[in-house]
Each structure stands twice: as structure tokens, then as C-alpha cells.
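*Asks:* With the sequence up front, the predicted model follows.
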Amino acid sequence: MRVLLVEDEEMIGREIQEYLNGESLICDWSSNYGDASEKIFVNEYDFILLDLGLPDGDGLGLIKEIKENSPNSLIIILTARSNVEDRVHGLELGADDYLAKPFSFLELKARMQAILRRKSGWVKNIINIGKFSIDIEARKVYYLKNSIELTHKEFTVLHFLLIHCNKVINRYQIAEHLWGDHLEEEYQSNFIDVHIKNIRKKLGAFEPINWLETVRGVGYKINTG
Amino acid sequence: MRLSTKLLLYNVLAKGIILLIFLMGGPIFLHYFALKNIDTELLEKREYILTLISNNGIEGFFYEEDSLAGFGSYNILKEEYILLEKLDVAYPLDSIFNEERILDEVAVPYRVCAYVFGFENDYFLLEIGKSLETIQDLNAIIFRLMVILLILFIFFSFILDHSFNKHIFHPFKLIIQDKIAKINEPLAFDHSPIKSSTEDFRILDEAISQMIWRIQKAFNQERVFISHASHELKTPISILQSKIEALFSKGKLNHSEMEKLMDMQRTIQRMKKTLNSLLLLSKVNNAQYIKEEEFSLNQLIVEVVEEWEPIAEDKGIKLTTSRPLDFNLKNSNRSLCHILIRNLLSNAIKYSPSNSEVKINGSSISNGFLIEIIDEGPGISEERINQIQNGQVFLKDAHTDSSGYGLQIVFKIASFLGIDIHILNTSTGTNFQLTFK
């Protein structure tokens, strides 16, 4: 999958590019409007991650060019702007999602997957781990044919860990995914432990879930072997 | 007391007093002028009789048997009389006075013109009288009429003054009630001028409008400043976060390194939280959220409770809800309402001891819907509540080791969405009452 990152801040751009490359994605990086416009005209991208505040123009203007030259590209706006109008305007122009800076890379990946599943069906809806199967679309968890009732938040935590399987995910990253901008400091991130405990309790009733590992003092990790 | 009521009372009292003076003085004037008129009439009649005597002699007035002793005559209704009497001893008299005469055993007041004159070596007393009963009757009728007119005048004057005051003060009412009292934030002020033919109200409206422009400008400057400042702060935070996440994703760290990164992550989260809270407060202050959504409050409570039930359970807190009826909230903002209820519930759970109970009760009241969040925690001091309501910002609360934005956000959102908040500190804990209208 080919991604164009339009980001003028060099240090952020480099890190996102490295992260996406590490996720087996081909990531081109433009740091200004002109260069991005040229790349959109020449190449076909699956994803375009677009910063709005560019030194030589407003990123919102690029959305029109993307829609004309690369209509199948999926667009996520990445910006530090907090205006609701910008967000609404961007989505009205045809962006698929909006991610406010500062954001977690894991959140970016989760959003990309959600858009892919919604728009293209590239991402499979059922994830199997052991004898458990997780239906992303229906937000259901099954053990063989037995349905397991998870709360909305518990399912979200499990899904997030599965998206980033085989990596240590710290509590803050999960908390940010759950509560977004309205994160309540240390206290709220500690609640992740409660949700994990409940997931373990509900799934563990069927068979031991050794694949869900606790990394002491840091967070959790799902090992798929 | 309202200005319009004061003016109305003043008008009624002033008119009433003036009319009362006229009412009291009227009969006196009337009596005076009536007497003057009678006097003139009596003098004219006297002159007429004297002319008759001068031309025809005096004998014609006396019957033969009277032999010039005296003459007296009343008209048929006893309203007037004339008396002519020969005097043995002459004395000067030319006077008009009131006197009562007994007629058929009834005393009748008369205005009497008495005059002594000489004729052919004799002196005569001429008296012409006119009854005053007619004037007194007329006075009584006019007085009654004036009382009725006074009452009617005051009544209609009150109605007219009231209508006029209402009409003339309508623009003032519009300025106070619609333009100032109903808005919770300066940005919601309606700058369209009010329609009024009263110059003073137009000047007042314009002055208020200009004052609000200045306030809006200051708010806008603050909004732009916070927006720019937060943007400038978000970029370095993003860089730090991306670097830390990059290190995490490498996956080749030992536990001690991971713990150090977690400390950094915690610091970043705190910065993000502070920044987001400031932005939220600024946006609510500047009315940057829409208020056009309609949603079920019960559904919202269900969502928040589902979110926090496991946490309460983990702390050994019993979370109970009571929602007998649903309430559809109109012209509001769901996400802000969610933040408001969630902040209160999370605080209640956070500060409640283990094995206690936190209740969320929803109930219909006459003017809307009441949500109560009741905990068994230590409560919030009055001083602290006043400080928060006055908009004081606490970056850090040393006592509870947390930021002071939570309640600040609660009060700002409530003010923006027009939700009344009451905090009751009871002996067993705190009761937050939210009234949705």
C-alpha cells in the first residue's frame, strides 16, 4: 500500500515515515504544498495523510486536487488546528477522517484500518486468535460458537491490542484511543487495567488466554506467535 | 419597583391630586359666582321697581286697607319675593345679604337685597329676595357629577397610561430581556438594532451593542491567542510523542528503559490534557460549539454508566441508576453534555471510599429534567465552589493531587448549555443537581 504524507514539520514527518515504513507501507513524504501537488499529479496513492498548515498554502486546497487526480485515495487530515470549522470543512470536501495533533502512531494506524475496512473491504472483518474469533464489524467475540458479551470499551481495548499485535502497547496509548482528547491524566489510564482484567475474566472462562501478556508498569501485548 | 410602574403611579397620583383640588375648590367658586349673578339680578330688579315707583307713584303697590303700611309679594314657587314697607324712622340701608325666612314652617335661605329710599317726604324699605335652594341643589348635582367624572377620568387615565407605558417601554424590555438577560455568552449577543421611536432607547441599545462588540473583540483575541499558543505547543508535543512512540515500536528496550519512557509518556499526557482542557474552556467560553442537537438524556446516562461501571466495581463502589422517564433534550450539544456528566461521575467515583454508593437519579420536574449525581465522598467546600464559579483556574490542586479543570469545565459547559447546577454538601457526601430545561 502506498501512502503520501504531507507534513511540514521535519521531525514529525521523519518519524511518521519511519513508522509507516516499519508497518510495511511505502511512504512518500512532502513537506510543502507544491511538492505534494506534484506527487499527487504523478502518482496514485492509497492513503494521503494531510497536514493543513503548510508553509506555501492551506492543505484543504489539496483535497480538491486529490479528488480530481486521484479520486480513489483515502484522506486523513492531520492537524494541530482546533477549529471545528476546519474539521467540518475538511470532511465536507471529501476527507475520510480527521486526527488532531498530537496523536499516537497507533491511533493513526487504527484509523487507517477502520477506513480501509469501511471503504475498501481490504481489511478482514474476522480476526482469529486461538479458538477465539473477533467480529470487528458486528463488535462480537466468539469462543468456537459461544458468544461472549464484552462492553463497548472492553471490545475497543481488545480490538486496539489486536490491531497492534506483537507490540507492547502502553496504557496511555490505549487510554487515548478510548477517551481521545478527553483523557483524565493518570487516573483514567489506570482504568485500562480494570478493562483488561474484565476481558481476561470473560475470555478466560473458556480457555486460558496466555496470548494477552501484561508488561509490568508499562502496558499490554497480544502475542500471536 | 419598575420604572414604568413608578411613572404610572406618579401620573395617577399627580392627576388625582390636581383633580381633587379642583373638586374641593369647585363648589366654592361655583357658589361665589352664582351669588354674584343673583346679586346683579337683584340690583337690576331693584332699579326696575324704583323706576316703576318714580313713574307711577307708590300707591299702586299698596292695597287701600294697608294705607301705605307695607307691601309684600311672593311668586308662586316662593323662589322670589318683593317687600315694600313704609318706615317711621329713616335709616340708611343699601345691602345684600343671606337670610332665612320661615315659610310654611320651613326655613328657606334667601339672598336679600335691602334698600331704604325716600319718596314724596316718606321713607320706604325695599327688599327683594331670591331663594338660594336652587343654587344649593345645583351645587350638589355638580359636585356629584364632578366626583363621577374624577373617578372615570382616573380610571381611563390609568388604562391609557398603562398601555402607553407598556408601548413606550417595549423596546427597553427587548433590550433587557431578549438581548442581555437571555444570553449566557457575549458571542450570542444579537447586534441587530431594536425598533424604537424613542431616541434614548436607541442610544442605549447602540451603547450596549458597542460595549458587547468590545467584549467580543477581547474574547476573540483570547480565542485566537489560545488557538495559536496551543498550536505552537502541540507541535513540540507531537514531536516528543512521535519520538517516544518510535522508541517503543522498536521493541528492543529493557524494562528500565521502558519505565523511563513511560515517565516521559506520562508527562506528555499531562501536557496534552492541560492543553486540551484550556482549548475546551476557550471554545466553550467563545461559544464555538453548536447547540442544535436533540438527544435522549437517558441514553446518555446509559453510555456514561456503562463506561464507568467496571471502574466503580473495581473500587468496590456500588453504582446505581434510577431513570423512571426519558427526556429528549433539544437545542443542545451531546458531546459537551457527555463530558459534563462524565466529569461529575468520574469525580464521584474517584473521591468516594470503597464500599460506598454512587447514585445517578433522573427525574422529570415541572420545568424540565433533573439529574442527580450523589456520592459518599468528602464533599467540596463552599469556598472552593465559589472560586470555581468565579472562574478561578487551578493548575494544580495540592490537596487532591489533580488539576482543577474538571469542575471548571463542568460549570462552563453548564453555563453554555443553560443547565442549572446546584451542589448540596450533605453529612453523607455530595449531591450534584443538574436541571435541564
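*Replies:* Done, it's in.
*Asks:* Do a quick rundown of the strands in chain A.
*Replies:* Counting by DSSP state E, chain A has strands at residues A:2-6, A:26-30, A:47-51, A:53-54, A:57-58, A:74-79, A:97-100, A:126-129, A:132-135, A:140-143, A:146-148, A:169-170, A:212-215, A:219-222.
*Asks:* Any buried residues in the second one, and which?
*Replies:* Buried positions in strand A:26-30, judged by neighbour count with 16 or more other C-beta atoms under 10 Å in any protein chain shown: A:27-30. (Glycine included, C-beta is placed from N, CA and C.)
*Asks:* between those, which is nearest residue A:12?
*Replies:* residue A:29 (10.3 Å; C-beta to C-beta).
*Asks:* what about that closest one, distance to residue A:9?
*Replies:* According to C-beta to C-beta, to the nearest Å, residue A:29 and residue A:9 sit 11 Å apart.
*Asks:* one step back: turn the strands of chain A into JSON lines, columns for distance to chain B.
*Replies:* Below are these laid out as JSON lines (distance: least, C-beta to the nearest C-beta, whole Å):
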{"stretch": "strand A:2-6", "distance to chain B": "12"}
{"stretch": "strand A:26-30", "distance to chain B": "13"}
{"stretch": "strand A:47-51", "distance to chain B": "10"}
{"stretch": "strand A:53-54", "distance to chain B": "8"}
{"stretch": "strand A:57-58", "distance to chain B": "14"}
{"stretch": "strand A:74-79", "distance to chain B": "9"}
{"stretch": "strand A:97-100", "distance to chain B": "8"}
{"stretch": "strand A:126-129", "distance to chain B": "19"}
{"stretch": "strand A:132-135", "distance to chain B": "19"}
{"stretch": "strand A:140-143", "distance to chain B": "16"}
{"stretch": "strand A:146-148", "distance to chain B": "15"}
{"stretch": "strand A:169-170", "distance to chain B": "6"}
{"stretch": "strand A:212-215", "distance to chain B": "7"}
{"stretch": "strand A:219-222", "distance to chain B": "8"}
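*Asks:* So for residue B:290, which of those strands sits nearest?
*Replies:* Between residue B:290 and the strands of chain A, the tightest spacing by C-beta to C-beta is seen for strand A:97-100, at 16.3 Å.
*Asks:* what about the helices in chain B?
*Replies:* For chain B, applying DSSP state H gives helices covering B:3-56, B:133-173, B:199-250, B:255-285, B:297-314, B:334-351, B:382-389, B:405-417.
*Asks:* could I get these as TSV with distance to chain A?
*Replies:* Formatted as TSV, those follow (distance: least, C-beta to the nearest C-beta, whole Å):
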stretch	distance to chain A
helix B:3-56	43
helix B:133-173	35
helix B:199-250	4
helix B:255-285	5
helix B:297-314	4
helix B:334-351	6
helix B:382-389	17
helix B:405-417	8
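*Asks:* ok, of the ones you listed, where does mean pLDDT dip lowest?
*Replies:* Mean pLDDT values for these show the minimum at helix B:382-389, a mean of 74.
*Asks:* Would you mind getting the angle between that helix and helix B:405-417?
*Replies:* Per axes from the mean of the first three to the mean of the last three C-alpha atoms, to 10 degrees, the angle that helix B:382-389 makes with helix B:405-417 is 60 degrees.
*Asks:* one step back: for residue B:162, find the nearest of the strands of chain A.
*Replies:* strand A:97-100 (58.3 Å).
*Asks:* Note down every partner strand of that closest one and its orientation.
*Replies:* According to DSSP bridges, strand A:97-100 forms sheet pairs with strand A:74-79 (parallel).
*Asks:* any idea how far the partner strand is from the chain center?
*Replies:* 12 Å (C-alpha atoms, centre = their mean, to the nearest Å).
*Asks:* Repeat that for stretch A:18-32.
*Replies:* 15 Å.
*Asks:* Okay, now the unreliable bits of chain A?
*Replies:* In the predicted model of chain A, residues A:82-84, A:120-123, A:181-190 satisfy pLDDT under 70.
*Asks:* can you give me the helices for it?
*Replies:* Using DSSP H, the helices of chain A run over residues A:10-22, A:33-42, A:59-69, A:84-93, A:105-119, A:152-163, A:171-179, A:185-204.
*Asks:* for those, which one ends up most surrounded?
*Replies:* The highest mean neighbour count among these, using mean count of other C-beta atoms under 10 Å in any protein chain shown, belongs to helix A:171-179: a mean of 23.
*Asks:* okay, the angle between that helix and helix B:199-250?
*Replies:* 140 degrees.
*Asks:* Packing partners of helix A:171-179?
*Replies:* Where contact means 3 or more C-beta pairs under 8 Å, 6 or more residues apart in numbering or on different chains; DSSP states H and E, helix A:171-179 is packed against helix A:105-119, helix A:152-163, helix A:185-204, strand A:219-222, helix B:255-285.
*Asks:* what is the orientation angle of that helix with helix B:255-285?
*Replies:* Counting by the same axes, to 10 degrees, helix A:171-179 points 30 degrees away from the direction of helix B:255-285.
*Asks:* Now the residue nearest to residue B:183 when sequence neighbours are not counted. Its backbone dihedrals?
*Replies:* Of all residues beyond its chain neighbours, the one nearest residue B:183 is residue B:189 (5.5 Å), with distances taken as C-beta to C-beta, 6 or more residues apart in numbering or on different chains. Main-chain dihedrals, residue B:189, degrees, to the nearest 10: phi -70, psi 140.
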